[in-house]
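J.: the sequence and its predicted three-dimensional model are supplied below.
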Amino acid sequence: MAIISSCTASTLKDAATSLRSGNLVAFPTETVYGLGVDATNKDAVDHLYQVKGRPSDHPLIVHISSMANLDKWAREVPEYAIELARTFWPGPMTLILRKTNLAKDFITGNQDSVGIRVPSHPLASALLIEFEDQGGLGVAAPSANRFGKVSPTMADDVFEELSGYLSPADLILDGGPCEVGVESTIINCKQDIPEILRPGAITATIISDLIGLQVKQISAGSNKLTIKASGLMQSHYAPKAKVFLSTTPNLGDGFIALSDIPTPPGAIRLASPKNNKEYAQLLYQALRLADTKQLPNVMVIPPTGDDVAIAICDRLEKCAYKS
Ligand code: TXA
Ligand code: MG
């Protein structure tokens, strides 16, 4: 498998052809790197599940180049979802919608819904446009990490994580570091009002301000949870190091906090983001750095606020060590 570091029109065309032939192509999005596969090719999707080590009943998000292709995959799209799509696509938002027959069980984990996203990263857009020009209908792409691990925000992270599992014909497209740094906001749009299944850069406040509706939020501990979403599991997004939240670090422990919080004596600073947006950009890099440095423990001081801090805290709670 090759990493393509300077993507041109011709390499993107080849990457799209490779996807159409059933290979995997890891590509940058504005949130995290995705591991793409032709969403209509069952054998290729089976290969993807193997590479990720992910249970096959966990559904995948289908990526399309624009809202114009939404009707191929989704039906009975509520008015508020159309408004969300018009406003935030392309961008870090996934809508869960009633599926059409095109969305097979091997994509949806046997659910009656499908997750759809239009990413805004220029390389992702260009790849999807080329893929659709070649007759493709959608690219299913989970985050390009092994199941339960930290999502990659750089091409080298994808290589480090998946090179032992990818086939020689698979590709990794390098588009630099991801701008958002945490995964897309997932919104369940099958009911009268939207429900956030996974918080992201598009927050509940932003959504309800736009559509004038109350927004429901689901919590990981909910007993009523029937939807299979790996981001909803209690433990996820985890590095090898044990992550502790707001405790006192011991000598040699990693430390992550906003830049105005000083490093406690003896701790090893892994990131000093200036604000919450930068915190999201740097968080997964910092958790990976802890593993590179073979630190047994990382102490994290979560950010506060009702912006992307909500998504950061969600991921931190899921990766935090549970004794
Ligand atoms: O930012 C992102 O969304 C990235 C980039 C690559 O687009 N993708 C991503 O995919 O995070 P993944 O597979 O790592 O996480 C997608 C989440 C999973 O928890 C999955 O279970 C959930 O979306 N999901 C997908 N389809 C669903 C559906 N029909 N109903 C409920 N949850 C769904
Ligand atoms: Mg993931």
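T.: That came through, no problem. Ligands and ions are numbered 1, 2, ... in the order given.
J.: would you mark the buried spots in stretch 81-100?
T.: Across stretch 81-100, burial judged by 16 or more other Cβ atoms under 10 Å covers 81, 84-85, 88-99. C-betas here are computed from N, CA, C, even on glycine.
J.: show me where pLDDT drops low in the stretch 1-150 of the chain?
T.: Within the stretch 1-150 of the chain, no range satisfies pLDDT under 70.
J.: coming back round to it: which ones among the buried residues of stretch 81-100 map onto strands?
T.: Applying DSSP state E to those, the entries found in strands are 93-98.
J.: ok, residues contacting stretch 163-176?
T.: 1-7, 11-12, 15, 18, 21, 23-28, 47, 50-51, 53, 121-124, 127, 144, 146, 154-155, 158-159 (Cβ atoms under 8 Å, 6 or more residues apart in numbering).
J.: what about the strands in the stretch 151-300 of the chain?
T.: 171-173, 185-188, 195-198, 216-217, 242-245, 254-256, 268-271, 297-300 (DSSP state E, counting those that start in this stretch).
J.: sheet-wise, list the partners of the second one with their directions.
T.: To tie it back to what came earlier, the one meant is strand 185-188. Using DSSP bridges, the strands paired with strand 185-188 are strand 93-98 (parallel), strand 195-198 (antiparallel).
J.: need the helices for the stretch 151-300 of the chain, in chain order.
T.: Along the stretch 151-300 of the chain, counting by DSSP state H, counting those that start in this stretch, helices occupy 155-162, 204-211, 276-292.
J.: which one, of those helices, ends up nearest to ligand 1?
T.: Shortest distance between ligand 1 and these, using Cβ to the nearest ligand atom, is found for helix 155-162: 10.8 Å.
J.: list the buried ones in that closest one?
T.: So, applying 16+ other Cβ under 10 Å, buried residues of helix 155-162: 155, 157-159, 161-162.
J.: just stretch 242-258 next, same as before
T.: Here stretch 242-258 shows 242-244, 249, 253-258 as buried, counting by 16+ other Cβ under 10 Å.
J.: now the residues you listed in JSON lines, with distance to ligand 1 and pLDDT?
T.: What follows is the buried residues of stretch 242-258, written out as JSON lines (distance: Cβ to the nearest ligand atom, whole Å; pLDDT from 0 to 100):
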{"residue": "242", "distance to ligand 1": "22", "pLDDT": "95"}
{"residue": "243", "distance to ligand 1": "19", "pLDDT": "96"}
{"residue": "244", "distance to ligand 1": "24", "pLDDT": "95"}
{"residue": "249", "distance to ligand 1": "30", "pLDDT": "89"}
{"residue": "253", "distance to ligand 1": "28", "pLDDT": "97"}
{"residue": "254", "distance to ligand 1": "24", "pLDDT": "97"}
{"residue": "255", "distance to ligand 1": "27", "pLDDT": "98"}
{"residue": "256", "distance to ligand 1": "21", "pLDDT": "98"}
{"residue": "257", "distance to ligand 1": "25", "pLDDT": "98"}
{"residue": "258", "distance to ligand 1": "23", "pLDDT": "98"}
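J.: surely residue 282 and residue 181 touch.
T.: Yes. Assessed by Cβ atoms under 8 Å, residue 282 is found in contact with residue 181 at 6.8 Å.
J.: and those two? Which one has more around it.
T.: Between residue 282 and residue 181, counting by other Cβ atoms under 10 Å, residue 181 is the more crowded of the two (26 against 20).
J.: and that one, what is it in contact with?
T.: 31-32, 153, 280-284.
J.: so who does residue 61 touch?
T.: 94, 115-117, 140-142, 184.
J.: mind checking which helix or strand the residue nearest to it when sequence neighbours are not counted is in?
T.: Sequence neighbours aside, residue 115 is the residue nearest to residue 61 in space, at 4.1 Å (criterion: Cβ to Cβ, 6 or more residues apart in numbering). Taking DSSP states H and E as the definition, one finds residue 115 inside strand 113-117.
J.: count the residues that sit near residue 124.
T.: Residue 124: 27 neighbours (other Cβ under 10 Å).
J.: surely it and residue 63 touch.
T.: Yes. Contact criterion Cβ under 8 Å: residue 124 and residue 63 qualify, at 7.0 Å.
J.: distance of the most centrally placed residue in the chain from residue 269?
T.: Centroid-nearest residue in the chain, with Cα atoms, centre = their mean: residue 183, separated by 3.4 Å. Applying Cβ to Cβ, to the nearest Å, the value for residue 183 to residue 269 is 25 Å.
J.: ditto for residue 97
T.: Taken as Cβ to Cβ, the span from residue 97 to residue 269 is 43 Å.
J.: and for residue 252?
T.: Counting by Cβ to Cβ, the gap from residue 252 to residue 269 is 12 Å.
J.: and the closest residue to residue 118 other than its chain neighbours, what does it touch?
T.: In space, and not counting its chain neighbours, residue 118 is closest to residue 89: 3.9 Å by Cβ to Cβ, 6+ apart. Going by Cβ under 8 Å, 6+ apart, residue 89 touches 66-67, 117-118, 120.
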